[in-house]
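> What follows is a predicted protein model with its sequence.
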Amino acid sequence: MSRQASIIIGLQAIIIVILFWFLVFVGKDEYEEANSEAEEGVETRTLIADNNNDNKGAATLILPTASQLQSGIVTAKLQTTSHQSTTASFGTVEAIDGLVELRTRYLAALAEGNVVRTAIASAQQNVNRLTLLNQDDKNVSDRVLQEAEAALKNDQAKLAASTTLANGIRDGMRQQWGTTLANMATQTATNNVLQQLLQYRTVLLKVTLPFDATPSKNTLLLVTAMGAQGQAIKAQLVSDAPQSDNTIQGKTYFYQAPANNLRVGMRVTANLDAPSKAVTGVIVPHVAVVWYANQAWVYQKMTAEKQGEDKFIRRLISTEIEIENMQPNGWFNTTGFNASDELVIRGAQLLLSEELKYQIKNENED
């Protein structure tokens, strides 16, 4: 091949490469432009027919009835209910084996004291008899009388020791279990409250309440085992508890509750009725609540101006009071909602998603 032919072939190759890259750059710009136009021509799908933002900052969505049915949106009406404010706290189911042991020792000390008292009475009679005989011309020697007097003093010392032991056990019970339970345990005739505890028909609870709480016999306390989904159990006040709970600050009290579902060592949540009057409001069901921006919201359904559509307003609710022992359970609200207000109980998360999708679409158009 001649030198001239090689040069021609090389120039042709260079021209081909230049044309290829020219087509690549030109085609890239045209592709991006066409793709951008296609994206602008695609509208974000949404169930929202209209969106207003004039309800005190909460979104208002207008949905056709057909869209609601297709999306499975379900609503329910609120009902008026009353709520007694409560003081929430915690407690434990106490083992009473320590109280039973102290009671057994105390009663044993009392029984021993009674035996010694009987011996003292007999010894005293013996001393009196021997004294008369000794005084009657020494019919009994002084030594025999002295031995009888020594036996009497020995029995009296035993009585003092048993009395001291019983008093010490009783004082120990008061320090650990309080005066009320100590008095019950030191009675020879078993108290009804103690009898139920001993027979395991009831259990003893130690509940820690806030310092400003003042429970009484007429104040209702409801307890629930932690992690249990059963109904709350009514507990009755027994007495103050002299020892505190190491894990919680507050005043401690002993309560008695049925032993059905409670076991020794269980932790329980406790709700004490406050002395204030019951207030009226509505319970917003848990299933109606969606969380957005660290706040709890619900969608309230209202009639729209156009036939065949409904208006859904996203509204903020209060989460200060949670009701778990009623049906439906949820958040108790005293203001902002009325009975028969209709809330979305299924599909609220979908409405929030559609609302946010609509907002993103508007931002892109801007």
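Arrived safely, thanks for sending.
> The protein - how does it break down into domains?
Here the domain parsing of the chain from automatic domain parsing is 50-85+278-365, 87-94+201-273, 97-193.
> Need those domains in TSV (columns: mean neighbour count).
All C-beta atoms are positioned from the backbone trio N, CA, C, and that covers glycine. Shown next, in TSV, are the domains of the chain (neighbours: other Cβ atoms under 10 Å):
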stretch	mean neighbour count
domain 50-85+278-365	16
domain 87-94+201-273	17
domain 97-193	15
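> low-confidence ranges in this protein?
Filtered on pLDDT under 70, the chain yields the residue ranges 1-3, 22, 24-58, 274-277, 325, 359-366.
> remind me, longest helix of it?
helix 142-185 (DSSP state H).
> Just give me how far that helix sits from the chain centre.
Taking Cα atoms, centre = their mean, to the nearest Å, one finds the center of helix 142-185 at 47 Å from the center of the full chain.
> Distance of the residue most central in space within the chain relative to Ala225?
Centroid-nearest residue in the chain, with Cα atoms, centre = their mean: Thr269, separated by 4.6 Å. Going from Thr269 to Ala225 by Cβ to Cβ, to the nearest Å gives 8 Å.
> follow-up on the earlier one: for the nearest residue to the residue nearest to the centre of the chain once chain neighbours are set aside, helix, strand, or coil?
Leaving aside its sequence neighbours, Thr269 sits nearest to Thr224 (Cβ to Cβ, 6 or more residues apart in numbering; 5.2 Å). Look at Thr224: counting by DSSP: H, G, I helix; E, B strand; the rest coil, its state is strand.
> now swap in Gly281 and tell me
Applying three-state DSSP: Gly281 is strand.
> hey, what's it bridged with?
Beta-bridge pairing for Gly281 (DSSP bridges): Thr81.
> I figured it was touching Trp331, is that so?
No. Judged on Cβ atoms under 8 Å, Gly281 makes no contact with Trp331 at a distance of 9.8 Å.
> and Ala119, what does it touch?
Asp155, Lys158 (Cβ atoms under 8 Å, 6 or more residues apart in numbering).
> What strand or helix carries it?
helix 97-135 (DSSP states H and E).
> same question, Asn271
strand 267-273.
> helices or strands next to that strand in the packing?
Contact here means 3 or more Cβ pairs under 8 Å, 6 or more residues apart in numbering; DSSP states H and E; on that basis strand 267-273 packs against strand 86-94, strand 202-209, strand 221-225.
> Pairing partners for that strand, with directions?
In the sheet, strand 267-273 lines up with strand 86-94 (antiparallel), strand 221-225 (antiparallel) (DSSP bridges).
> Turn these into CSV, columns for distance to Tyr292.
CSV is the format used below for these (distance: least, Cβ to Cβ, whole Å):
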stretch, distance to Tyr292
strand 86-94, 27
strand 221-225, 30
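> out of those strands, nearest to Thr164?
Of all the strands paired with strand 267-273, it is strand 86-94 that lies closest to Thr164, at 28.5 Å by Cβ to Cβ.
> and that closest one with helix 142-185, angle?
When axes from the mean of the first three to the mean of the last three Cα atoms, to 10 degrees is applied, the directions of strand 86-94 and helix 142-185 differ by 140 degrees.
> contact partners of strand 86-94?
Here strand 86-94 has contacts from 203-210, 213, 222-223, 245, 248, 250, 254-255, 262-274, using Cβ under 8 Å, 6+ apart.
> now swap in stretch 247-254 and tell me
Under Cβ under 8 Å, 6+ apart, the answer for stretch 247-254 is 89-90, 94, 177-178, 180-181, 204-211, 213, 215, 237-245.
> at 7 Å what do you get?
Identification of contacts with stretch 247-254 by Cβ atoms under 7 Å, 6 or more residues apart in numbering yields 89-90, 178, 181, 204-211, 213, 215, 237-241, 243-245.
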